[in-house]
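Got a sequence here, can you build the structure:
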Amino acid sequence: MKLNEISDLPGATHSRKRLGRGIGSGSGKTAGRGVKGQKSRSGVAINGFEGGQMPLYRRLPKRGFVNIFAKDWNIVSLGRIQQAIDAGKLAATGSIDIAALKEAGVVRRSKDGLRILGDGELTAKVALVADHASKSAVEKIEKAGGSITLPAAASAEA
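Purely as a prediction, here's the structure:
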């Protein structure tokens, strides 16, 4: 096989639809856009617009409170950490922080910090570095012979 003989399988590529090329083409005149009006033109942005009537999202009452300063934590359970250690993705030696968890594929991206929850069992002796930890998580880590490093304010809160 030569480079000039390589081609896609038949039917793999489709030629683009040539719009507005006469009535005989099947997509002439209105070019598949229906008829007249704003939606037949390009650059349409009318989501939520109700023809001048007050839109539904403005008519309905708003409730609750959304804290715009709320932190988005990476929440990881002890069971998930043990699972990664058992699979060989995470080394039990050395400290385990958000960067190590990201490298092991336990978390996808690092957010505002790491919060450890006590779900599952931990058998490995690990040294964790986190921003928050539940009381049950701290107890299980210490019971397994490990340690957890928390900021001073978080340890008082947890």
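
For Glu139, give me the backbone phi and psi.
phi -60, psi -40 (degrees, to the nearest 10).

And the residue nearest the centre of the chain, what's its pLDDT?
Centroid-nearest residue in the chain, with CA atoms, centre = their mean: Arg108, separated by 7.8 Å. With respect to pLDDT, Arg108 has a value of 95.

Look up how far Leu60 lies from it.
Per CB to CB, to the nearest Å, Arg108 is found 34 Å from Leu60. C-betas here are computed from N, CA, C, even on glycine.

and Ala137, how many neighbours?
The number of residues packed near Ala137 is 25, by other CB atoms under 10 Å.

Contacts only, for it.
Leu78, Ile116, Leu117, Gly118, Ile148 (CB atoms under 8 Å, 6 or more residues apart in numbering).

now it: how far from Gly22?
70 Å.

Does Ala92 touch Lys125 like I think?
Yes - here Ala92 reaches Lys125: they are 6.6 Å apart, a contact under CB atoms under 8 Å.

Give the helix, strand or coil label for the residue nearest to Gly118 when sequence neighbours are not counted.
Closest residue to Gly118 apart from its sequence neighbours, by CB to CB, 6 or more residues apart in numbering: Ser136 at 3.1 Å. Of the three states, Ser136 takes helix according to DSSP: H, G, I helix; E, B strand; the rest coil.

Next one: the residue of the chain most remote from its centre from Val107, what distance?
Computed with CA atoms, centre = their mean, the residue of the chain farthest from its C-alpha average is Gly24, at 47.5 Å. Between Gly24 and Val107 the computed distance is 58 Å (CB to CB).
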